[in-house]
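*Asks:* Fold the following and give me the result.
(4 chains)
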Number of protein chains: 4
Amino acid sequence: MSSMIGEKLRVSLFGQSHGPAVGVVMDGLPAGEEVDLDELRSFLRRRAPGGGPLSTPRVEKDEPRFLSGLAGGRTCGAPLCAVIENTDARPEDYREVATAPRPSHCDYPARLRYGGYEDARGGGHFSGRLTAPLCVAGGVAIQILKRRGVHLGAHAEQVGSARDRRFHPTGVTAGDLALPATRRIPVLDEARAEAMEREIFAAAAEGDSVGGVVECAALGVPAGIGDPIFGGMENRLAAALFGIPGLRGVEFGTGFAAAGIRGSRHNDPYRLKDGRVVTGTNHHGGILGGITTGMPLVFRVAVKPTSSIAMEQKTVDLAAMKERTIHVPGRHDPCIVLRVVPCVEAVAGIVLLDSIL
Amino acid sequence: MSSMIGEKLRVSLFGQSHGPAVGVVMDGLPAGEEVDLDELRSFLRRRAPGGGPLSTPRVEKDEPRFLSGLAGGRTCGAPLCAVIENTDARPEDYREVATAPRPSHCDYPARLRYGGYEDARGGGHFSGRLTAPLCVAGGVAIQILKRRGVHLGAHAEQVGSARDRRFHPTGVTAGDLALPATRRIPVLDEARAEAMEREIFAAAAEGDSVGGVVECAALGVPAGIGDPIFGGMENRLAAALFGIPGLRGVEFGTGFAAAGIRGSRHNDPYRLKDGRVVTGTNHHGGILGGITTGMPLVFRVAVKPTSSIAMEQKTVDLAAMKERTIHVPGRHDPCIVLRVVPCVEAVAGIVLLDSIL
Amino acid sequence: MSSMIGEKLRVSLFGQSHGPAVGVVMDGLPAGEEVDLDELRSFLRRRAPGGGPLSTPRVEKDEPRFLSGLAGGRTCGAPLCAVIENTDARPEDYREVATAPRPSHCDYPARLRYGGYEDARGGGHFSGRLTAPLCVAGGVAIQILKRRGVHLGAHAEQVGSARDRRFHPTGVTAGDLALPATRRIPVLDEARAEAMEREIFAAAAEGDSVGGVVECAALGVPAGIGDPIFGGMENRLAAALFGIPGLRGVEFGTGFAAAGIRGSRHNDPYRLKDGRVVTGTNHHGGILGGITTGMPLVFRVAVKPTSSIAMEQKTVDLAAMKERTIHVPGRHDPCIVLRVVPCVEAVAGIVLLDSIL
Amino acid sequence: MSSMIGEKLRVSLFGQSHGPAVGVVMDGLPAGEEVDLDELRSFLRRRAPGGGPLSTPRVEKDEPRFLSGLAGGRTCGAPLCAVIENTDARPEDYREVATAPRPSHCDYPARLRYGGYEDARGGGHFSGRLTAPLCVAGGVAIQILKRRGVHLGAHAEQVGSARDRRFHPTGVTAGDLALPATRRIPVLDEARAEAMEREIFAAAAEGDSVGGVVECAALGVPAGIGDPIFGGMENRLAAALFGIPGLRGVEFGTGFAAAGIRGSRHNDPYRLKDGRVVTGTNHHGGILGGITTGMPLVFRVAVKPTSSIAMEQKTVDLAAMKERTIHVPGRHDPCIVLRVVPCVEAVAGIVLLDSIL
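*Replies:* Just a heads-up that it's a prediction; the model follows:
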């Protein structure tokens, strides 16, 4: 495993936050699929650091260069490799990190894992920067899925204590999945955006950060996709989703709330609707026994508050083996939830395409 | 994937609920490891259907027969295969299921997946019965882990609306992980057991079922285990855990609650304790960036209420394509949470051993 | 890898020569495929030790018991597990082997690999006995392939210095692939059988053994199967074929002889035949760039002379670290080539089915 | 699989002959390993098209740029990605190939495989150009192996009808594995080079090509490496070697010649030498039952004559479905054997490092 995921479609990420470039190889894409670069750029822009008040001041153009896998603008069956150069790297920000690990970052465990040879600058290969090539792969997958009638989208369901409404489990529409690009916060109910912004600004003003929840849904997923036991759609989605830095949990359908509900209510009765078998409710989130039922696929992920905060924190000087304090260097988001939204879509796209192929 | 999991240690399950047998192949076990059959039997007994009032009346002895992989009571490096015969199968209970899918079971999606050729009796390969060989594999893994100083255990943190206390994130002890086998409900705080039993009895009396949450912790996991991005410990654990039927979510450390906490509180400061680097709190649940930190590993899974309930339910006659009602046949637990507890330990054991090897 | 092979169809072998049983798990078989047990038994009989003068006196009925994967005589999509009990095991024959490794067997490297914990009795998991479950898997695969129009067969092209004629590279017929079961030696040209028998009897009379070459062909393999570079059909076939004990080489099409031929002769010109694109010659053996061309697939494997011979041999006492002599114990074939023939078919069946799925 | 290979060390190739670049991702390299770029360049030069009379006139500098995986000149544990830009691409040479497939190239099967969307220019992803990044990966692996005491090397054992001497199966020396870079033909016995050159010049003069055999050996491979059945070293090496374009066979130790030898001669007796267990002969080529014995690892591969020849050849116009003739375009080697030599070393290095890790 490590930095690869997938069975028929294998996605492999490479690169470090402050190295020459980050990139992705996709092996197993069907041949003959058009890659719309403008659409891909729009998708990447949703993840890209904006430089605005809600985001890190690091500015990266995030323009992918395709080294292989395309011929005449279409996939040719060969592995597709896309590279994004790191143009605004500032490795010198991270001199201190080598001996004083930043709390809640992986500096310390990575040091143990790689014996001190890891690239610790900005999290190295563990950095959120790796979600740029992840979104390239996901963006390509989403385009192919669309042509097969599968539409997916995510929104910020929670930021700190502010909440958006949820997707309607049985009534989610294609419109819900395609939020206007102009929306500064990707919420279903625009009226909730302001409360979220307030949470972020308040935290930022104190040098602090907030977390949240991202909800994702997919429509048009064919029924009967997935494999038993370890090959179920929950297994596949979860295995890939935790590749997004900062995720702490995932739940499908009614999720953790199912723990407190009786079976008579949680069970989704089968019904006929326009001659098709559907369920009257969708507590199962579109997956039963690991296999899709044809109902909307719905899941949520928990995002922790950004680990990099401006406040002074306690750590240990690993060279001197003494406790000390640290001011975490670098340029960071007070809240990564907004940027995680397209990343969750990207991962869902990759896993769904892999499972459908 | 499908019914296999693991990289260095590959676990492959086979069997159907009402077929001749269920079993498991473990490929990649280190050679020379003793398998204590008595200890394994005790472990399996915790999962086995008891016939008591809290459990299904199906009685299975669940005695594994080792067909390979052992020589002189120790692993010999060859794949270990263990088989459990199905002795109390009653496939005739399931004639109706073939055309009238049980709500919240995978009868319907499996039918689409396998074109009507699936073994639908009692869920076939998707049945909870497959957790018997899963626990054989897990039980073997847990014995090997113990000899390497890794101890793990789980408890029923929630059953319906009744709750146990949680593991102390930094102070969980080996004692917490080894609950007395005499405890009818596997809880940390014995005083909470009664409320849980009441929930189960109340649901059972109404022909209904309840769900819950299982919490698992591991001590002694070496720091520096895991791989970046898709190879992280969360990815591996989640990918395997959803192989347990009925799971709807997983969260690590503070999990979904992290969404509402500020970074300044969620970040775990590094400290020195007896010359070792530790964190003062353990919101990260022992994993940062996918890699273990040496702190107690803590995660929770959500278990849905048993899908098989005695009440009449709505479904569709797939042959006639007409709505109808169904009384779900078979012998079932009003609450599977108690039996999921050892299954979660089994999966954690398999994944941790695979990652440590 | 280790004892597993395949991508969409995963075949996993288990068992030791003198343990309770040997068996196989096939994960990924399409659902709804009939398994004709009589046909399977005929296939297994070609591999089974006969007890005749050409074969080992060990008698095994080799009757597979299907523990899972079937429902109503057809595959049900769940992993298929078949077990063959070892009924004529004589582990006591192998006491000496533990310290005095048999030349050309893997006793010595296995001891190093598993630290002395390996099951050394009769080669343990490395024994030719494992080809029994391999042939169960292959036999099932071949039945499925036949229904898809793919026919394959092998013959003993060489035994010691005696040779059969080769398959005609472009003109091999379905008849060539289905040799009469009555033929004691599986040759295309029955007149060559006698010379082969003479070689085997002569070697056996001297307590010695002979090797040979097995040639295999497949008709009806769809064109365009296989993946680039490491996923080519040669890669897949070779990776699986060396799972048969005693194989020392594999060559495709003209193979090693291509080294001495000019390109102008080795290149296969394209032609039209009945409106289909074919090649006039078939030096490429049906595979170009790893991908099938639709021409007959042809390859050969080299089989070493049986390692177990009755003559006294030199070895080392590993306990005393002294040179000594050994009489290899057990019951053995003077020539395994004849029994390798169905094994090669089995492997080809598994790989082709995996690639076509 | 497809363009990836390996278990602990995964090597993934990308790129097309006339696309922007070719490259490789290596995932699973140990951290802290120095990469000596000068040594790597020397290694790559042995594969690179020279422009001399023995080689294609296409000139590529083949300078790898490392995008990731290094920090301070050492591996950092993150996936290593190296890219080589294609600077002398001439895609316009290949207009005709789209409809008139070149004999013995994969134009035709690739067209069937990818439905006409493949990049057919110069073989696209199937081109020998992909051996450039393969050699980058192999060159890095070989440097790491050297530091662990494993030395490997290959030579042209046969070119057309001219032959070099073979490695001495038990007495191959480190010197044999490090041929002087000045040697125009990589042979053990320099006196044989002239005959080989004559074969190549003679073929080239007639617009024709020649094939050959490459022999490879490795010293210092630890005993006890490899897994049973499908995980044996032969399986792993073969699975990877056929990733080199033009290979038609592989044999280990005595290989196909073992078919004609009696067991009493082919069996390698164990002996003691300086207190170590060795074999007196090495017919087994350092591998028994898939596991290394500590004796020199020896294998050979058959290389077909270059498919691209200057002579007119017969093919089919796939658009018009008419037979026609073709002059194969592009710039080509009359003999690829010499350039295959370092490729075989590269593959052996990758597989050995993967198996040793």
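
*Asks:* Spell out which residues of the stretch 101-250 of chain A are next to chain C.
*Replies:* residue A:228 (Cβ under 8 Å from any Cβ of the partner chain). Every C-beta, even on glycine, is put in place using the N, C-alpha and C of the backbone.

*Asks:* all helices of the stretch 101-250 of chain A, in order?
*Replies:* A:107-114, A:131-147, A:193-205, A:233-241 (DSSP state H, counting those that start in this stretch).

*Asks:* of all those, which lies closest to residue A:175?
*Replies:* Closest approach to residue A:175 among the helices of the stretch 101-250 of chain A is made by helix A:131-147 (14.6 Å; Cβ to Cβ).

*Asks:* if we can go back for a sec, so of the helices of the stretch 101-250 of chain A, which one's packed in deepest?
*Replies:* Of all the helices of the stretch 101-250 of chain A, helix A:233-241 has the most neighbours on average by mean count of other Cβ atoms under 10 Å in any protein chain shown, namely a mean of 27.

*Asks:* That one close to chain D?
*Replies:* No. Counting by Cβ under 8 Å from any Cβ, chain D is not contacted by helix A:233-241; separation bottoms out at 16.0 Å.

*Asks:* got the CA positions of that helix in PDB?
*Replies:* Presented in PDB, the C-alpha positions along helix A:233-241 are these (Å, rounded to 0.1, in the frame of the first residue of the first chain):
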ATOM      1  CA  MET A 233     -17.600  -0.100  -0.600                       C
ATOM      2  CA  GLU A 234     -17.300   1.100   3.000                       C
ATOM      3  CA  ASN A 235     -13.900  -0.700   3.200                       C
ATOM      4  CA  ARG A 236     -12.700   0.800   0.000                       C
ATOM      5  CA  LEU A 237     -13.900   4.300   0.700                       C
ATOM      6  CA  ALA A 238     -12.600   4.400   4.200                       C
ATOM      7  CA  ALA A 239      -9.200   2.900   3.100                       C
ATOM      8  CA  ALA A 240      -8.800   5.800   0.700                       C
ATOM      9  CA  LEU A 241     -10.400   8.600   2.600                       C
END
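
*Asks:* outside of that helix, which residues touch it?
*Replies:* With contacts defined as Cβ atoms under 8 Å, 6 or more residues apart in numbering or on different chains, helix A:233-241 is touched by A:5-6, A:225-226, A:247, A:250, A:252, A:287, A:290-292, A:297, A:299, A:301, A:344, A:347-348, A:350-351, A:354-355, B:1, B:230, B:235-236, B:238-243, B:247, B:250.

*Asks:* Would you point out which residue of the stretch 251-357 of chain A is nearest chain D?
*Replies:* For the stretch 251-357 of chain A, the residue closest to chain D is residue A:357, as judged by Cβ to the nearest Cβ, at 12.5 Å.

*Asks:* Based on its surroundings, how many neighbours for that residue?
*Replies:* Close neighbours of residue A:357, defined as other Cβ atoms under 10 Å in any protein chain shown, add up to 14.

*Asks:* likewise residue A:180?
*Replies:* Residues lying near residue A:180 (other Cβ under 10 Å) number 8.

*Asks:* repeat for residue A:156
*Replies:* Around residue A:156 there are 26 residues (other Cβ under 10 Å).

*Asks:* my guess is it contacts residue A:338, does it?
*Replies:* Yes. If you go by Cβ atoms under 8 Å, residue A:156 and residue A:338 touch, sitting 6.1 Å apart.

*Asks:* Turn the buried ones among the contacts of helix A:233-241 into a named ChimeraX selection, would you?
*Replies:* Applying 16 or more other Cβ atoms under 10 Å in any protein chain shown to the contacts of helix A:233-241 leaves a buried subset, and the ChimeraX line that selects it is:
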select /A:5,6,225,226,247,250,252,287,290,291,292,297,299,301,344,347,348,350,351,354,355 /B:1,230,235,236,238,239,240,241,242,243,247,250
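
*Asks:* I'd like to know which elements the biggest helix by length in chain A is packed against.
*Replies:* As assigned by DSSP state H, the longest helix anywhere in chain A is helix A:337-356. If you count contacts as 3 or more Cβ pairs under 8 Å, 6 or more residues apart in numbering or on different chains; DSSP states H and E, helix A:337-356 packs onto helix A:37-47, helix A:131-147, strand A:151-159, strand A:212-219, helix A:233-241, strand A:297-303.

*Asks:* buried sites along stretch A:115-132?
*Replies:* Buried, per 16+ other Cβ under 10 Å, within stretch A:115-132: A:117-132.

*Asks:* Quickly name whichever of these is closest to residue C:145.
*Replies:* Looking across those and measuring by Cβ to Cβ, the closest to residue C:145 is residue A:130, at 42.7 Å.

*Asks:* dump the residue contacts of the closest one.
*Replies:* A:13, A:15, A:17, A:22, A:245, B:229.

*Asks:* Please report how far residue A:36 lies from chain C.
*Replies:* Using Cβ to the nearest Cβ, to the nearest Å, residue A:36 is found at 25 Å from chain C.

*Asks:* no, scratch that, I was asking about residue A:79
*Replies:* Distance, residue A:79 to chain C, by Cβ to the nearest Cβ: 9 Å.

*Asks:* was I right about that residue contacting residue A:68?
*Replies:* Yes. Here residue A:79 reaches residue A:68: they are 6.3 Å apart, a contact under Cβ under 8 Å.

*Asks:* Give the intersection of the neighbour lists for those two.
*Replies:* Shared contacts of residue A:79 and residue A:68, defined by Cβ under 8 Å, 6+ apart, are found at D:14, D:125.

*Asks:* ok, now which ones touch the closest residue to chain C within the stretch 101-250 of chain A?
*Replies:* Residue nearest to chain C within the stretch 101-250 of chain A: residue A:228 (6.9 Å; Cβ to the nearest Cβ). The contact partners of residue A:228, by Cβ under 8 Å, 6+ apart, come to A:289, A:290, A:291, B:2, B:3, B:125, B:126, C:77, C:78.
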